[in-house]
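[1] quick check, what structure comes out for this input:
(one chain, ligands or ions: 1)
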Amino acid sequence: MRNRAIVLVVRQDDCPKTVRSQPTDNYEFWLPTMLLSETHIAIQDAVRAFTQERVRPRSRQYESAGGYPAELFAELADLGLMGMTAPGELGGAGSDYISYALALIEIAAADGALSTILSVQNSLILSALLASGSEEQKTRFVPPLTSGRLIGAFALTEADAGSDAAAIRTRATRVEGGWQLNGAKQFITSGRIAGLAIVFAVSDPSAGKKGLSAFLVDRSGRLRRRQGGAQARPGRVGYLRTPV
Ligand SMILES: Cc1cc2nc3c(=O)[nH]c(=O)nc-3n(C[C@H](O)[C@H](O)[C@H](O)COP(=O)(O)OP(=O)(O)OC[C@H]3O[C@@H](n4cnc5c(N)ncnc54)[C@H](O)[C@@H]3O)c2cc1C
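    All right, here's what the predicted structure looks like:
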């Protein structure tokens, strides 16, 4: 029991006398669904059916192949999972955060790595874009993200900066028509497949923690790799000031 993840939820029709237990052979799932609406339960059931049937049986295969096929992301997008809380007009599912959490639990039960990719796509990329992106950035990037055609990466961690994010050393320097980023990141989910990255860098060393900025980097052919750095071309780098 100690090694199992247990999610405690209480189902309305089971309350108050008991909780519904849904053990499978790899996870134990107790659902106190008294907080869940019919829609939540429908979403949970749909994601569970899809992931247990389509993802879990192939999880080892994806692991050995070192990645996921593009068709899988398209299927996940059809279910609304690539942009669960994004608004419908930008291709998102417009769901609430309870639905999102329930979906992630189901995906993680079938394939842990895939749930990490989807949590980055939804929570770190789409949420940041929707909260701080310009209208042009939202219009340009959100629809391909929610449709699964574009995968996002959130590049914060460095070799000497994990929990202490303010210790990052990647430098952002103004160059003609844009910014140049120099540095190295590690442990970046979707780092190899992402077409879009939010990259954190020190843009004003004199400002301490407030001198960090998040750069929206379009990697689809416009990011020029260099030794130890990358040149973001003029007009291609969205600049999101972050009060870190
Ligand atoms: C599966 C996975 C996916 C990831 N995806 C991403 C990603 O997409 N983008 C990204 O930027 N990063 C990503 N990371 C990196 C992750 O965010 C870092 O691993 C995390 O921030 C911890 O940093 P660290 O590994 O350098 O550990 P450290 O910061 O060195 O911490 C090591 C240990 O020290 C403890 N510790 C640290 N500071 C203190 C303190 N002040 N007081 C007490 N204890 C402390 C920590 O709790 C931990 O136990 C991912 C990591 C994993 C495992």
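
[2] domains of the chain?
    Using automatic domain parsing, the domains assigned to the chain come out as 1-35, 39-146, 152-241.

[3] what about these, which gets the closest to the ligand?
    The ligand sits nearest to domain 152-241 of all the domains of the chain, at 1.8 Å, using Cβ to the nearest ligand atom. Glycine gets a C-beta too; all of them are placed from N, C-alpha and C.

[4] the closest one - what's its average pLDDT?
    When pLDDT is averaged along domain 152-241, the result is 80.

[5] all helices for this protein, in order.
    38-50, 59-65, 70-78, 97-110, 112-119, 127-132, 135-146 (DSSP state H).

[6] just checking, what packs against the last one?
    I take that to be helix 135-146. Other elements packing on helix 135-146 under the criterion 3 or more Cβ pairs under 8 Å, 6 or more residues apart in numbering; DSSP states H and E are helix 127-132.

[7] run the chain-centre distance for the helix it packs on.
    Averaging C-alpha positions (Cα atoms, centre = their mean, to the nearest Å) puts helix 127-132 12 Å from its chain's average.

[8] what does stretch 68-78 give?
    15 Å.

[9] before we move on, the earlier item: could the domains of the chain go into a markdown table alongside distance to the ligand and mean neighbour count?
    Shown next, in a markdown table, are these (distance: least, Cβ to the nearest ligand atom, whole Å; neighbours: other Cβ atoms under 10 Å):
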| stretch | distance to the ligand | mean neighbour count |
| --- | --- | --- |
| domain 1-35 | 15 | 13 |
| domain 39-146 | 5 | 18 |
| domain 152-241 | 2 | 16 |
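
[10] can I get the helices of the chain in CSV with distance to Asp160 and mean pLDDT?
    What follows is those, written out as CSV (distance: least, Cβ to Cβ, whole Å; pLDDT from 0 to 100):
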stretch, distance to Asp160, mean pLDDT
helix 38-50, 38, 93
helix 59-65, 29, 94
helix 70-78, 33, 96
helix 97-110, 29, 95
helix 112-119, 23, 96
helix 127-132, 24, 96
helix 135-146, 30, 96
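
[11] with that, I have no additional questions.
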